[in-house]
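Asker: Provide a 3D model corresponding to the input given below.
(chains A and B)
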Amino acid sequence: MPIATNEQHLVEMAVVGNISQPTLRHGGYTINDVGVGRVLPGMSGVVYNARVGDPAFGWSGDHVEPGVSIANPENSAEYALHYLTCIGNRAIVTSGLAKGAEGIVTGEHARLLVDFAPDVLDLLCVGDSIQIISHGRGLVFTDFPQIELKKCSPKLINSIPIEVIDNGKKIRVPVTMALPPRIMGSGAELNSEYVDQDLMSGDRKLMAELGIDQMRLGDLVVIPDADHRWGRGYRKGAVTIALCIHGDSVMTGHGPGILALMSADEPCIEWVITPEANIAHYLNIR
Amino acid sequence: MNIRTNKDKLIAVSVMGQIASPGFPGLPAVPYQLTSEGVPFLWPTFGGIVYNVSVGDSAYGWLADCIHPGVSIKLSDENGNRGLNILACVGNTAIVMTGEAKGTRGVVTGKSGRFSEHVIIHFEKPIREKMAIGDKIVVKSFGVGIDLLDHMDVKIKSCSPELIEGLEVTTAPDGKLNVPVVRVVPSHLVGAGAGLTSEGGSLHIQSTDKAALAESGLDTLKLGDVVAIEDTDSSWNHGYLRGAVAIGVVGQGDSPRSGYGPGVTVIMTSASGGINPVLTEGVNIKDIFGLKN
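Answerer: Got it, this is the predicted structure:
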């Protein structure tokens, strides 16, 4: 039986963004962790060859955003796009050659990230409108009100095999790996309703030792002792389940983007490690 | 023996700011921030002239969010403010150029990061009474570019030669740089500021988990204390790296927000472990610079 939610009371509402053009700083350089300037693609636009389910590490890119990145040029509409869109929401192309094509939201970075089938990508133009049927804000686990849900669509929650265990006192969520809280980095300064927090991948040996360098875009992960309910911080005993939304970075204090999906300040979320725990699989994206 | 530096080659150059007004978000006029428990709060935050909090006071207990002791300045021109925030160094002299406090001098004690980008300056309390928001203050910036000639694996940031000398750093028998600090911040308590520039701004000690804070003895920190941050490489941004060390000055007070707490202005770092923090009670820039209230 799926975990009980208040899904029937949620409002579905359209929000819109446009396919973004990649932008670079004047000079173009991103300084890497040993102080060398690099010019690297990855953010914004249509990324043709990196998709949810692909590795998060190893790209010759920076903060690679899989699929299509959209934003709204109007400030408050942009915040609505960010705050209302949930992972797993439907996205419909509403202008241009791909008009009518349907994709699915796979992440939120400085832009919203949408996956489309590969044959759609060649039809997409920077500026094309993509409308999202936002659905998920206000979602709660009826029997676990202490678990704060962030950006989870009912479709996402219903697709993940979440178990209720321990006589109804806890849930158990599949994840691919656990991240130590001490590597949680850039994004700590933002509230946890907005975008993601990078894991800090600069200690390459640690990434290999812990197998974190095997992370894939779309992986579900757990961060023990991390409280992401109202901001992103360390709290012993807290648990956060999160989603890898973008690729690795060469910048110190940065790395793959980790977006909180569920967080509680008490140990009521258990996890089980399985390589299947990726939204490409759960949402039948590929 | 004094540590050898290249300070005779450094450029002293003016950077100006104006006393910043405290700010709040505009309409629809929701002035609250959320605590780590999700509870709205409305307290003074960064900016302005703070009359009753000074370097040397506790970093905790104030009904304020990341309060800046003394006076906060910034320049409205964004690029100009980058110049101010990067070039001003802890220990630099600040001179009031306009208003009733014209001609008086203060000392740079810290910097704040993303969302405020202020330079924080200590002035004696009677001087603060004469100041007005908007007064122009010039900082005689001096320190960016400084190297420790026998410790080239240590990068110096936002740090005046006076602070290096006042800290009484020494070369250890193993060749590392001994730096006196009051506490060591464990890497799991490093919060906001990670991944952001290390040439200005602040790196915050997370204070949500009070037990974890007390375990590390960080619950008694004072504004102005010199601390080490373990496994943190601040060479180019702040980030996690085993064996690296960052050293900083507590520049801002505690915060009830998740991911936040006292803000540290980082003054030196070694990615390769070339810094050896030496626990020493009472290492505070109030005493190093002889700051008076």
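Asker: Only C-alpha atoms from now on, for both contacts and neighbour counts.
Answerer: Will do.
Asker: Please report the distance of B:Ser270 from B:Glu37.
Answerer: Here the criterion is Cα to Cα, to the nearest Å. By it, B:Ser270 lies 36 Å from B:Glu37.
Asker: higher neighbour count, the two?
Answerer: The residue with more neighbours, out of B:Ser270 and B:Glu37 and counting by other Cα atoms under 10 Å in any protein chain shown, is B:Ser270; that gives 26 against 15.
Asker: wait, isn't that one in contact with B:Lys155?
Answerer: Yes - counting by Cα atoms under 8 Å, B:Ser270 does reach B:Lys155; the two are 6.2 Å apart.
Asker: between these two, what contacts are shared?
Answerer: Listed as contacting both B:Ser270 and B:Lys155 by Cα atoms under 8 Å, 6 or more residues apart in numbering or on different chains are B:Ser235.
Asker: Now for B:Gly38: which residues touch it?
Answerer: Shown in contact with B:Gly38 (Cα under 8 Å, 6+ apart): A:Arg229, A:Trp230.
Asker: So it, which state does it fall into?
Answerer: coil (DSSP: H, G, I helix; E, B strand; the rest coil).
Asker: ok, now B:Cys66?
Answerer: In the three-state summary, B:Cys66 is assigned as coil, counting by three-state DSSP.
Asker: For it, give its distance to B:Ser116.
Answerer: Per Cα to Cα, B:Cys66 is found 11 Å from B:Ser116.
Asker: neighbour-wise, which of those two wins?
Answerer: The residue with more neighbours, out of B:Cys66 and B:Ser116, is B:Cys66; 27 against 18, by other Cα under 10 Å.
Asker: Pull up the gap between the more buried one and B:Pro22, please.
Answerer: Going from B:Cys66 to B:Pro22 by Cα to Cα gives 12 Å.
Asker: Now do the shared contacts for these two.
Answerer: Common contacts of B:Cys66 and B:Pro22 (Cα under 8 Å, 6+ apart): B:Thr45, B:Phe46.
Asker: Which stretches in the stretch 1-150 of chain A count as helices?
Answerer: Under the criterion DSSP state H, counting those that start in this stretch, the stretch 1-150 of chain A contains helices at A:75-84, A:118-121.
Asker: can you redo the ones you listed as JSON lines with mean neighbour count, mean pLDDT and distance to chain B?
Answerer: Putting the helices of the stretch 1-150 of chain A into JSON lines (neighbours: other Cα atoms under 10 Å in any protein chain shown; pLDDT from 0 to 100; distance: least, Cα to the nearest Cα, whole Å) gives the following:
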{"stretch": "helix A:75-84", "mean neighbour count": "17", "mean pLDDT": "96", "distance to chain B": "12"}
{"stretch": "helix A:118-121", "mean neighbour count": "14", "mean pLDDT": "98", "distance to chain B": "32"}
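Asker: can you put those helices in a markdown table and add distance to A:Gln8?
Answerer: What follows is the helices of the stretch 1-150 of chain A, written out as a markdown table (distance: least, Cα to Cα, whole Å):
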| stretch | distance to A:Gln8 |
| --- | --- |
| helix A:75-84 | 17 |
| helix A:118-121 | 32 |
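Asker: need the residues of chain A near chain B, please.
Answerer: Proximity of chain A to chain B is confined to A:31-35, A:181-183, A:185-190, A:200-203, A:229-236, A:251-254 under the rule Cα under 8 Å from any Cα of the partner chain.
Asker: Return a selection command, for use in PyMOL, containing the buried ones of these.
Answerer: Selecting only the buried members of these in PyMOL, with burial defined as 16 or more other Cα atoms under 10 Å in any protein chain shown, works like this:
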select buried, chain A and resi 31+32+33+181+182+183+185+186+187+188+189+190+200+201+202+203+229+230+231+232+233+234+235+236+251+252+253+254
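Asker: so of the residues of chain A next to chain B, which ones are in strands?
Answerer: A:Ile31, A:Gly233, A:Tyr234, A:Arg235, A:Lys236 (DSSP state E).
Asker: Contacts only, for the last one.
Answerer: Spelled out, it's A:Lys236. Counting by Cα under 8 Å, 6+ apart, A:Lys236 makes contact with A:Pro224, A:Asp225, A:Ala226, B:Asp209, B:Ala212.
Asker: SS state for the third one?
Answerer: When the structure is split into helix, strand and coil by three-state DSSP, A:Ala226 lands in strand.
Asker: Show me the beta-bridge partners of it.
Answerer: Here A:Ala226 sits in beta bridges with A:Tyr234, as judged by DSSP bridges.
Asker: isn't it right up against A:Ala238?
Answerer: Yes - counting by Cα under 8 Å, A:Ala226 sits close enough to A:Ala238 to count as a contact (5.4 Å).
Asker: Settle it for me: which of the two has more neighbours?
Answerer: A side-by-side neighbour count of A:Ala226 and A:Ala238, using other Cα under 10 Å, places A:Ala226 first with 28 against 21.
Asker: now the ones in strands among the residues of chain A next to chain B as JSON lines including pLDDT?
Answerer: Formatted as JSON lines, the entries for these read as follows, by pLDDT from 0 to 100:
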{"residue": "A:Ile31", "pLDDT": "93"}
{"residue": "A:Gly233", "pLDDT": "97"}
{"residue": "A:Tyr234", "pLDDT": "98"}
{"residue": "A:Arg235", "pLDDT": "98"}
{"residue": "A:Lys236", "pLDDT": "98"}
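Asker: interface residues of chain B facing chain A?
Answerer: Counting by Cα under 8 Å from any Cα, the residues of chain B close to chain A are B:34-38, B:114, B:187-196, B:206, B:208-209, B:212, B:233, B:235-242, B:257-260.
Asker: I would like a ChimeraX command selecting only the buried ones among these, please.
Answerer: The following ChimeraX selection, which keeps only the buried ones among these, applies the criterion 16+ other Cα under 10 Å:
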select /B:34,35,36,187,188,189,190,191,192,193,194,195,196,206,208,209,212,233,235,236,237,238,239,240,241,242,257,258,259,260
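Asker: in chain B, which ranges drop under the pLDDT threshold?
Answerer: Along chain B, the model assigns pLDDT under 70 to residues B:1.
Asker: for chain B, what spans make up the helices?
Answerer: When secondary structure is read from DSSP state H, chain B shows helices at B:78-87, B:125-130, B:161-167, B:210-215, B:285-288.
Asker: If you count contacts, what does the third one end up packed against?
Answerer: Applying 3 or more Cα pairs under 8 Å, 6 or more residues apart in numbering or on different chains; DSSP states H and E, we find helix B:161-167 packed against helix B:285-288.
Asker: quick one: the helix it packs on to chain centroid distance?
Answerer: On the basis of Cα atoms, centre = their mean, to the nearest Å, helix B:285-288 sits 13 Å off its chain's mean C-alpha point.
Asker: what packs against that helix?
Answerer: For helix B:285-288, the helices and strands in contact under the criterion 3+ Cα pairs under 8 Å, 6+ apart are helix B:161-167.
Asker: List the buried residues in the helix it packs on.
Answerer: Applying a neighbour-count criterion of 16+ other Cα under 10 Å, the buried positions in helix B:161-167 are B:Pro161, B:Glu162, B:Leu163, B:Ile164, B:Gly166, B:Leu167.
Asker: Okay, domains of chain A per the record?
Answerer: In terms of domains, chain A is parsed into A:10-134, A:148-282 (source: automatic domain parsing).
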